[in-house]
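Engineer: I would like the atomic coordinates for the input below:
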Amino acid sequence: MVGKLVVVAAGMFAFGYALVPIYKHICEALGINVLAVGEQRVPGQSKAAANSQVDTSRLVTVEFDANARGPWEFKPAQASIQVHPGALATVMYEFQNTQNRTMAAQAIPSYAPRNAAPHFNKLECFCFNQYTLAPGEKKQWPVAFVIDPRLPKDVTTITLSYTFFEVGSKVPGAPL
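Structural biologist: Next comes the predicted model:
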């Protein structure tokens, strides 16, 4: 009985393991796996296709702002950049803990104008996590983003502002 159960379990494992290549071959044969078809090389094509989502007909200025709620230094590496909607852009933010103690902190983003927020897509951002910094420690963090090409045409400037604040510290009570 135990031997039969081991054989059945091994057969189930082998079948489950074989499902991925079986699924891949079936999808390729039927042409229903869009990613596999798109990744195939076309004869005579020497390089990857250009990103057709980039709107090269206009530029959007993105301004960067940093606000620190505490005794530390926090600033963008550059004040602004111009990007084409749909193109990937990366900007670095610099932070230094000037205190003589370890601290944990996090940044909260805000956008202006308000209607630009749904079109500002961050792919990588330090605001996704909390960070612990030792006394005097300096860090640089990236913000990688893409502005959706469906951004209204009247929006030519977007301000990305971060407020960096300490977490886990005592919060003063409300005024009486």
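
Engineer: who are the packing partners of the longest helix anywhere in the chain?
Structural biologist: The longest helix of the chain (DSSP state H) is helix 2-30. With contacts taken as 3 or more C-beta pairs under 8 Å, 6 or more residues apart in numbering; DSSP states H and E, helix 2-30 sits against helix 34-39. (Each C-beta comes from the backbone N, C-alpha and C, glycine too.)

Engineer: next one: residue 105 relative to residue 129, how far apart?
Structural biologist: Counting by C-beta to C-beta, to the nearest Å, the separation of residue 105 from residue 129 is 10 Å.

Engineer: what's the answer for residue 136, then?
Structural biologist: As judged by C-beta to C-beta, residue 136 and residue 129 stand 21 Å apart.

Engineer: likewise for residue 55?
Structural biologist: Using C-beta to C-beta, we find residue 55 at a distance of 31 Å from residue 129.

Engineer: more crowded one of those two?
Structural biologist: residue 55 (17 against 9; other C-beta atoms under 10 Å).

Engineer: quick one: low-confidence ranges for the chain?
Structural biologist: Scanning the chain for pLDDT under 70 picks out the ranges 31-52, 169-176.

Engineer: quick check: domain ranges of it?
Structural biologist: The chain breaks down by automatic domain parsing into domains covering 2-39, 60-166.

Engineer: name the element the residue nearest in space to the middle of the chain belongs to?
Structural biologist: Against the mean C-alpha coordinate of the chain, by C-alpha atoms, centre = their mean, the closest residue is residue 123 at 1.8 Å. Here residue 123, judged by DSSP states H and E, is contained in strand 120-125.

Engineer: about what we covered before: among the domains of the chain, which is the most enclosed?
Structural biologist: Comparing those by mean neighbour count (mean count of other C-beta atoms under 10 Å), domain 60-166 ranks first with a mean of 15.

Engineer: what's the offset of that domain from the middle of its chain?
Structural biologist: 12 Å (C-alpha atoms, centre = their mean, to the nearest Å).

Engineer: could I get the full set of strands for the protein?
Structural biologist: 60-69, 73-76, 80-83, 88-96, 103-112, 120-125, 131-133, 138-147, 157-166 (DSSP state E).
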